[in-house]
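K.L.:
My questions concern the predicted model and sequence given below.
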Amino acid sequence: MNAIIQFASKLIRGQSAGADTVHKFHGGVHPDGQKQQSTTQPIAKLAIPEKLVLPLRQHVGYIPKIKVQVGERVLKGQMLAEAEGTLSAAIHAPTSGIVTAIADEIIPHPSGLPDMCITLTPDGQDEWTTLRPVDWRNTDKKTLVANLRSSGIVGLGGATFPTHIKVRADGKSSIHTLVINAAECEPYITCDDMLMRERADEIVKGMEIVKFLLGAENCIVGIEDNKPEATAAMAAACKALPDTSVKVVPTLYPSGDARRLIHLVLGMEIPHDKRSTDVGVQVFNVATVLAIYRYFTYGEPAVDRIVTITGSVNSPQNFEVLFGTPLQTLIDAAGGTKAGTTHFIMGGPMMGFDLPTINVPITKAANCIIAATPDLFAPPPPAMPCIRCARCADACPVNLQPQELYWFSKSDDFEKARDYNLFDCIECGCCTYVCPSNIPLVQYYRYAKSEIIAADKAKEAADLARERNEFRLARIEREKLERAQKHAERAASGKTEGTKTEETKAAPAKTATEKPAADTAPDDAKKAAIAAAIERAKALKAAAAQTGDAQNKSETVSADAPDTSDKPALTEDEQAKAEQAKKDKQALIAAAIERAKAQKLAAAQAGITPRNVEDASPAVQAEISEIDAMREKAKQAVKVQGSDSEP
Amino acid sequence: MNRSPYITNAPTVSIIMLKVLLALVPGIFAYAWIYGGGILVTISLATITALVSEAALLKLRQRPIRPYLSDLSAVVTAWLLALALPPLAPWWLVVVGTFFAIVIAKQLYGGLGYNPFNPAMVGYAVLLISFPIIMTKWPAPLILAQTKLGFMDQLQFIFSNTLPANVKIDAVTSATPLDYLKTQLMLKHEVYGITQAPIFGVWGAKGGEFVTGAYLLGGLYLLQQRIISWHLPTAFLTALAAISLAFYAVNPAHFANPLFHLMSGASMLCAFFIITDPISGPTTPRGKLYFAAGVAILTYLIRVYGGYPDGVAFAVLLMNMCVPLIDAHTQPRVFGHTKN
């Protein structure tokens, strides 16, 4: 049945079902490329600006540790911050100069929040530190990978994943194929295209190094067919190499997504719960392999990158930009903005984001800056209801049902959304691109994902807390029994012979009325009050135990991710905490009361009055006084409740 | 704030609906040519009723009126219902049916995007059950009618139910082929003999087959424009042909041939315009195939064994009920997953 459908589908779409070497993925869209504007000029080197602002957070992972102080002179390529932990990347001085500040600055991030940055004032001499090239062919791989850890190189396609992790041999998997991602499927971006046109030889040398590091047998470069010049350059550079080939893939967004590209060039579908390395494939961006080549051959760490500046600027072009360069410098180099420019987008128009301000530096993630005008990127018209047309499903490269995910996300039915594989969504934006009702679908998915992640985290924390609490209660119970036993033993040895310690164990189950009655009326009232308090405590405890799970669940749901929700997350969280604390306290009180009861009974059976506690330890005495205070409180409560509640 | 993607390239809901209306135009022309200009009056009446009742309900529900009226979905419902009604249907029938379709079947369920049933078919079913005689009394095509009514005569009939003095009602009406076939088969006549009657054309109803052909033309336009997916019409027509072929092969004397079923009644209108309503239909590709095939089979069974001459409306409504089930069980395999 499915085979028939697929065949019919291909027939209708005019696709050949033949043995083409490119394996198409489902869906995808054809946005207007807009690449020609920025490819008319070669890559230009941007002059050293007056100030460089280097955010510590330019990569995925931990923030590196600062190695310099304000006022220190640093040389070009000198490490300013060292990779901290495994998943982290170093920061190097892009030029020589003086560290003038280490403080919070606005960084290019969708949140628009400031983060720690090192500010460097260049001295204009551009003096390199001592560089140590490595003869990679004759060096141990482990040493090379360790070296790479201090190179500061991260994935330059935009993902900024520390590169040394990707070449690390984990002993589990062996990589057979290296795929070079040169698809550059997002509109407007041309930095990889220009890099391949101009520096194909260096890229190919970098490919050799990565291939060596991974121990891969084959290497395939995947390029979209809208880059004939780059394809020709790469093919020429690869010609001499065995097991290396250039594969042209049709221009179809998002062919640059790693899993899509692997499918395109190899016909492999990476299982959703596995990484590509689990099936022997690793993907590197062209600019990243070039950076690796420069690092090993010349010893140069990551200090610059190619950035496309395009959109509403007078002369769109690609520039080689030092990290930390102010965006304004780049815009000036591109001839300034045209009239009507409202803001700047970092990345492409499909997956990029609005820069919070123009006062941000260029970072390792900045592959493209687009000056935006309302003409270029019209604000979307108001969203209409979903008409279930399923165009989004036709466009989804993951073959999800975006309309279903939308309904579930909209109605906060997160479990259902997860069931429908929300976490396979790559947020490529194809669904929004084709939606006739202009529904911001991707935003709904981002919201749902963050809610689910937050809920999972909260649930984990709650589970841990409950486990801890259960353990604590068990310990208290155990200690109580031990103590009661000790008391009884002591009493038995001191006074009566017939008392059995087993009875003390059964004591908490008995009610106050079963206790040996005291004669005086005030004592009766007191006991009744205590009994009432115990009953209340027990009921509360039972209720708490029953609602425990539900409570935890509701807690986790109400806990919000800070960046997506406008709900008062903190107060709700605090409320939940306060409730938990209250419950804990109630449990404590109940336990204490039970302890007291056991003690009293043991004492009564032993024939001593509970007041005679001079020989008890200070801790026990404190406990007794605490219980007394509670008794007083309980009495007060009974009094306040008045006669109507009393029989 | 991350609000990407910044670019979109999609026809708006209004454009989609407008193209559906455009695709209906050949059918309307053929209709007017075969049955007279009265259909234009019916369509106008339905359109006005739809827009007025939609606006009133939007106001009652405190929704913005302009964007929802200009999405044209109410107009599409009105046109489909008008084309499904018998020509020369009295004005109040059109108004009641359209009102029911828009108010009860659409707006009271939440408006655009939320109606589980096809509004036009709900309106049609309500009228068919409530006024069966009027709903099954079709005027003869002009080429067959003993007396040809002019446009003004038709207008007068629609609004006051009166014919010119010298014309009797039997002179302008005739049974539809589906109806005639059913009653004649009950009288133990054979299909071959029955279809020699003048109301039968080459493939379907004489005259009516041109309207059906025009619907097919419009449907192909919608396919070409990617307004509708190929799954629905293909599965519907294939399933209808298959089931009628099966019956026909067993007993050609008692069952009409597949071509007759494809070209009669509301088959083409259903295949390209009614089951392709995305809101009340399934969303998965496989689900669309099951849904359309289900409509086709039910349509055939109602035609052959049911009490009504054509079964499209009930078949569509019955299958609308199955949509959530169909969707849930036809989820396609997600990239990187082995099986759902």
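P.N.:
Arrived safely.

K.L.:
Can you mark which positions in stretch B:281-301 are buried?
P.N.:
B:281-300 (16 or more other CB atoms under 10 Å in any protein chain shown). The way it works is simple: take the backbone N, C-alpha and C, and place the C-beta from them, glycine included.

K.L.:
So which of those residues would count as near chain A as well?
P.N.:
By CB under 8 Å from any CB of the partner chain, the members of these lying near chain A are B:Gly281, B:Thr283, B:Thr284, B:Pro285, B:Arg286, B:Leu289.

K.L.:
The third one: what's it in contact with?
P.N.:
For B:Thr284, the contacting residues are A:Ala390, A:Ala393, A:Gln401, B:Ile326, B:Asp327, B:Thr330, B:Gln331, B:Pro332, by CB atoms under 8 Å, 6 or more residues apart in numbering or on different chains.

K.L.:
Give me the helix or strand of chain A that scores worst on average pLDDT.
P.N.:
Scoring the helices and strands of chain A by mean pLDDT, DSSP states H and E places helix A:501-506 at the bottom, with a mean of 48.

K.L.:
domain parsing for the chain?
P.N.:
By default, I'm working from chain A. A:141-299, A:391-439, A:452-645 (automatic domain parsing).

K.L.:
my bad, chain B
P.N.:
Taken from automatic domain parsing, chain B resolves into B:11-173, B:175-327.

K.L.:
Let's have these in CSV, adding distance to A:Ser411.
P.N.:
Formatted as CSV, the domains of chain B follow (distance: least, CB to CB, whole Å):
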stretch, distance to A:Ser411
domain B:11-173, 13
domain B:175-327, 15
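
K.L.:
JSON lines for these, including mean pLDDT?
P.N.:
Converted to JSON lines, the domains of chain B look like this (pLDDT from 0 to 100):
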{"stretch": "domain B:11-173", "mean pLDDT": "90"}
{"stretch": "domain B:175-327", "mean pLDDT": "90"}
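
K.L.:
residues in the stretch 201-340 of chain B within reach of chain A, list them.
P.N.:
Going by CB under 8 Å from any CB, the residues of the stretch 201-340 of chain B near chain A are B:229-230, B:234, B:278-279, B:281, B:283-286, B:289, B:327, B:331-338.

K.L.:
Got a quick PyMOL command for the buried subset of the residues you listed?
P.N.:
In PyMOL syntax, the buried subset of those is picked out as below (16+ other CB under 10 Å):
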select buried, chain B and resi 229+230+234+278+279+281+283+284+285+286+289+327+331+332+334+335+336+337
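
K.L.:
Show me where the stretch 1-150 of chain A has its helices.
P.N.:
A:2-13, A:141-149 (DSSP state H, counting those that start in this stretch).

K.L.:
Would you point out the most distant pair within the contacts of B:Thr284?
P.N.:
Across these, the longest distance by CB to CB is 14.3 Å; it joins A:Ala393 and B:Ile326.

K.L.:
neighbour-wise, which of the two wins?
P.N.:
Set side by side, A:Ala393 and B:Ile326 show more neighbours around A:Ala393, with 23 against 20, by other CB atoms under 10 Å in any protein chain shown.

K.L.:
circling back to that earlier point, any idea which of the ones next to chain A among the buried residues of stretch B:281-301 is closest to chain A?
P.N.:
Among these, B:Thr283 lies closest to chain A (CB to the nearest CB), at 4.2 Å.

K.L.:
can you tell me the residue of the stretch 51-200 of chain B closest to chain A?
P.N.:
For the stretch 51-200 of chain B, CB to the nearest CB, closest residue to chain A: B:Gly113, 3.3 Å.
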